[in-house]
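Enquirer: let me see the structure of the following:
(2 chains)
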Amino acid sequence: MSMTDREIWALFHGVLFGGAFLLAFAGGLAGLWSFRAGLVTPEGIRERLRRLQLGVWSMAVLAWLAVMTGTYVVYPWYRAKPPEGTTDLSGFPRSLLLSDPDTDLWHKFAFEWKEHIAFVTPMLATAVALLVTYYGTRLVTNDRIRWTLMGMFVVAFSAAAIAGLFGALVTKVAPVQ
Amino acid sequence: MMSEEKAMDGALAAALIAAGIGVLTLGVVTSAAGAALGFKDWLKWDDAVGPLSGKSSLALIAWATSWPLLHLALFRRDGLLPAAIVIGVVLMVLGMIGIFPPVFEALEVD
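Expert: The predicted structure is shown next:
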């Protein structure tokens, strides 16, 4: 059992960073939803706030790590152009997909959408993390602000889910190896 | 200690609108790159990454510069949230349309 350097980087990008962000979403959303008067005692607010801040900041960092390793480490391998006369395109995923009319939409639609929409996630996740820190305990009694943050969080997750789903599907058809 | 303090929504409004500006910039630049080959070449800020490097960097620059400016302008104000939600959502939807492949590919010149 062995993995190439490229496969290891793809694993970090898609599973460890991107996958962890997606998995953490439910916890982050539940933390924001339940951070309200009536569900937390005055004594519990400080402890819950620290946990919430740790959670949303961790997710923001994961989002940046996923997007930056994807864009600047894995993507150049995906889009590398094969040398003139190359017949085996297995090491050049983008060219491999575009070489066949039955697979070219995996690049033209799935990957093109994934590579752009992914950038929505770190912007919104960072905004949520900074705003949770900025508002702090005031979130408990300000439902409109808390609900808006949850909305931003859901959009960040949705963008990450689209990017993650298409990334996984494209990798299945034409892996970076 | 539970805080009963009313929170001004200006900071949230600023963050929402700035995120919208970032997404809109990504959409506009992505569509423009398809329509103008010279612009697409200029966006290759990193040779290995290609135009995506310039597109994403411009979007992040727009987001990261507009946010503190909007924050300074709005953070002491309240009652901005309904308008900010409308503005932020409209900007984000327009940006999302710009990065949707059937849209920017329809604008591509050969």
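Enquirer: where does the chain have low pLDDT?
Expert: Defaulting to chain A. Low-confidence segments of chain A (pLDDT under 70): none present.
Enquirer: you looked at the wrong chain, it should be chain B
Expert: The model of chain B has pLDDT under 70 over residues B:1-5, B:110.
Enquirer: in it, where's the longest helix?
Expert: Counting residues, the longest helix found in chain B (DSSP state H) is helix B:10-35.
Enquirer: next one: chain A
Expert: helix A:143-173.
Enquirer: chain B contacts on chain A?
Expert: For chain A, the contact set with chain B under CB under 8 Å from any CB of the partner chain comprises A:37, A:40, A:42, A:45-46, A:71-72, A:75-76, A:79, A:108-109, A:112-113, A:115-117, A:119-120, A:123-124, A:127, A:130-131, A:134-142, A:144-145, A:148-149, A:152, A:155. Any C-beta I mention is one placed from the backbone N, CA and C, and that applies to glycine too.
Enquirer: show me which residues of chain B are close to chain A?
Expert: Selection of chain B residues close to chain A by CB under 8 Å from any CB yields B:1-7, B:9, B:11-12, B:15-16, B:18-19, B:22-23, B:26, B:30, B:46, B:48-50, B:52-53, B:55-56, B:59-60, B:63, B:67, B:81, B:85, B:92, B:96, B:99-102, B:104-105.
Enquirer: out of the residues of chain A next to chain B, which are buried?
Expert: By neighbour count, with 16 or more other CB atoms under 10 Å in any protein chain shown, those hold A:40, A:45, A:71, A:75-76, A:79, A:112-113, A:115-117, A:119-120, A:123-124, A:127, A:130-131, A:134-142, A:145, A:148-149, A:152, A:155 as buried.
Enquirer: show me these that map onto helices.
Expert: Filtering those for helices - DSSP H - leaves A:45, A:75-76, A:79, A:112-113, A:115-117, A:120, A:123-124, A:127, A:130-131, A:134-135, A:145, A:148-149, A:152, A:155.
Enquirer: make sure residue B:78 is indeed in a helix.
Expert: No: read with DSSP: H, G, I helix; E, B strand; the rest coil, residue B:78 is coil and lies in no helix.
Enquirer: and for it, the neighbour number?
Expert: By other CB atoms under 10 Å in any protein chain shown, the residues close to residue B:78 number 12.
Enquirer: check which helix or strand covers the nearest residue to it once chain neighbours are set aside.
Expert: Using CB to CB, 6 or more residues apart in numbering or on different chains and skipping the chain neighbours, the partner closest in space to residue B:78 is residue B:8 (4.5 Å). Here residue B:8 is covered by no helix or strand, with elements defined by DSSP states H and E.
Enquirer: and residue B:8, what does it touch?
Expert: Residue B:8 makes contacts with B:75-78, as judged by CB atoms under 8 Å, 6 or more residues apart in numbering or on different chains.
Enquirer: same list, the residues you listed, but as CSV with distance to residue A:2 please.
Expert: As requested, these are exported to CSV (distance: CB to CB, whole Å):
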residue, distance to residue A:2
B:75, 53
B:76, 59
B:77, 59
B:78, 59
